[in-house]
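> Provide a 3D model corresponding to the input given below.
(one chain, ligands or ions: 1)
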Amino acid sequence: MSDQTDPLAWTRDYTPILRSLADEYGEEQPLSGYSVALASHLEQKTGVLIETLRDAGAEVLVTGSEPYSTKGEVVDALRDQDGVETFVEAGMTEEEWADGQHRLLEAEPDFILDDGCELIAKVHADHPDVARQVIGGGEQTTAGITRLEAMEDEDVLEFPVYGVNDTPMKHFFDNVHGTGESSLSNVMITTNTMLSGKTVVVGGYGYCGRGIARKARGMGAQTIVTEVDPRKALEAHMDGHRIASMAEAASEADYVITSTGNRDVVREDHFDELQDGVILANAGHFDVEIAVAALEDAADRVTEPRDGVTRYHMADGRRINLLAEGRLVNLTGPHSSGHPAEVMDTTFAMMFEAARDMLAEGRGEKLAPGLYAMPDRLDRAVANRKLETLDVDVDDLTDRQREYYEEWEHPDSAF
Ligand SMILES: NC(=O)c1ccc[n+]([C@@H]2O[C@H](COP(=O)([O-])OP(=O)(O)OC[C@H]3O[C@@H](n4cnc5c(N)ncnc54)[C@H](O)[C@@H]3O)[C@@H](O)[C@H]2O)c1
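Model prediction:
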């Protein structure tokens, strides 16, 4: 396939960590004999991860983690590859998509790489016999970790799961920079408006919200952050953003972008405060952060002035614009292609390492069921691989420096 006809060609050029993993493990095939289920937004970067798992010997069973983010050309490119089985198509209804996930789970995967805890929750709820056979899993999102914590609290997990989302190599880069840049660029492309000089309200100052707010300010916007955690609110304040309640911020917003992992962050109480022409978008995992059904009820009529924009006409003449129907704006909008490939390269390398460590290194058989932090050695190894691809050198600790960290008396110090 040429670069022009191969939908993954461009992305491979921007995913050097995954390519280095494929090169290193292509011959040894450490995942040979294992089937790995993968639920993720099924677009080009995910395609390269699938190729990498397959090159390392796995049989890869593929579905989307969201019904509307599947790219048909990627599914077409993967469908006929040896070692890959697809259970998803572009344009599926929610029922067809869920049915595909169940069919995937009936194929009895050994390992589950998940996004939003889609497959892990379903295998426990609907396929308990399969769940008991699964060796392990990895979860790449904040929303999925929250669900896994709830499963652990109820003591229902049947296998060990690595919380890939919580590794420094994931959330410091993917959530902050990936979500930050891709959410803002998608808001601008979808609306053909500029952020400079506008007021951007960011709901939530976690990893994603922090990236969105910082980058919006870097582009010349005035930023207001809303929070429910007093420490996060103070952090936003110290970082130079204004803090306000949503009720107060809504009246000044040109844009409101939510990223909390929670629901109803923009709700009935706020609709009356919003200005004419405001643009609402969500970057959190589920489409519940903006109360869309309530907005529809509150509106006199609804139009679609532009691809990806739903406009709610209020009785008093104000127009409230909602992007991507309140779903992940950077992944499901008409122009969206998700996070930049360079940042997904890091996240997907962590997902690959989760599978390799639990399957090929045998950690999955040794760990009891539960949610686990990923070993720091794997995080460091991916960071080093990334630095190598950037051709950047860093210092090593000297023996004396290592000893200094380990001793408490510090005999050489002046005090
Ligand atoms: N768009 C993407 O590509 C992408 C990428 C990574 C994560 N996510 C999703 O984004 C969401 C946030 O992820 P994160 O890593 O930033 O999580 P996080 O836990 O670090 O941050 C969430 C923040 O939202 C705050 N919050 C909760 N309820 C709130 C409310 N009602 N009003 C204001 N603030 C509230 C919390 O106090 C917290 O500080 C999750 O749903 C996650 O799955 C999306």
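
> So which bits of the stretch 301-415 of the chain are right by the ligand?
Contacts of the stretch 301-415 of the chain with the ligand, taken as C-beta under 6 Å from any ligand atom, map to Leu328, Asn330, Leu331, His339. (Glycine included, C-beta is placed from N, CA and C.)

> starting at the chain centroid, how far to stretch 15-31?
In terms of C-alpha atoms, centre = their mean, to the nearest Å, the centre of stretch 15-31 is found 23 Å from the chain centre.

> Mind listing what's buried along that stretch?
Thr15, Pro16, Ile17, Leu18, Arg19, Ser20, Leu21, Ala22, Tyr25, Pro30, Leu31 (16 or more other C-beta atoms under 10 Å).

> any idea how far the last one lies from Phe111?
Between Leu31 and Phe111 the distance is 9 Å, computed by C-beta to C-beta, to the nearest Å.

> between the two, what contacts are shared?
Common contacts of Leu31 and Phe111, defined by C-beta atoms under 8 Å, 6 or more residues apart in numbering, comprise Ala355, Leu359.

> Need the per-residue pLDDT for the residue of the chain found nearest the ligand.
Among all residues of the chain, Gly206 sits closest to the ligand, at 1.6 Å; criterion: C-beta to the nearest ligand atom. pLDDT, the model's per-residue confidence, is 97 for Gly206.

> Hmm, Asn262 and it touching each other?
No. Using C-beta atoms under 8 Å, Gly206 is not in contact with Asn262, being 10.2 Å away.

> neighbour count winner among these two?
Legend: neighbour count by other C-beta atoms under 10 Å for Gly206 and Asn262, higher for Gly206 (19 against 16).

> Contact partners for that one?
For Gly206, counting by C-beta under 8 Å, 6+ apart, the contacting residues are Thr142, Asn175, Lys232, Ser259, Thr260, Gly261.

> Do I have it right that the last one meets Thr146?
Yes. Checked against C-beta under 8 Å, the pair Gly261 and Thr146 is within contact range at 6.2 Å.

> Looking at these two, which is more packed in?
The residue with more neighbours, out of Gly261 and Thr146, is Gly261; 20 against 16, by other C-beta under 10 Å.

> May I have the secondary structure class of that one?
coil (DSSP: H, G, I helix; E, B strand; the rest coil).

> where does the most centrally placed residue in the chain fall, phi/psi-wise?
Against the mean C-alpha coordinate of the chain, by C-alpha atoms, centre = their mean, the closest residue is Thr141 at 5.0 Å. Backbone geometry at Thr141, expressed as degrees, to the nearest 10, gives phi -120, psi 160.
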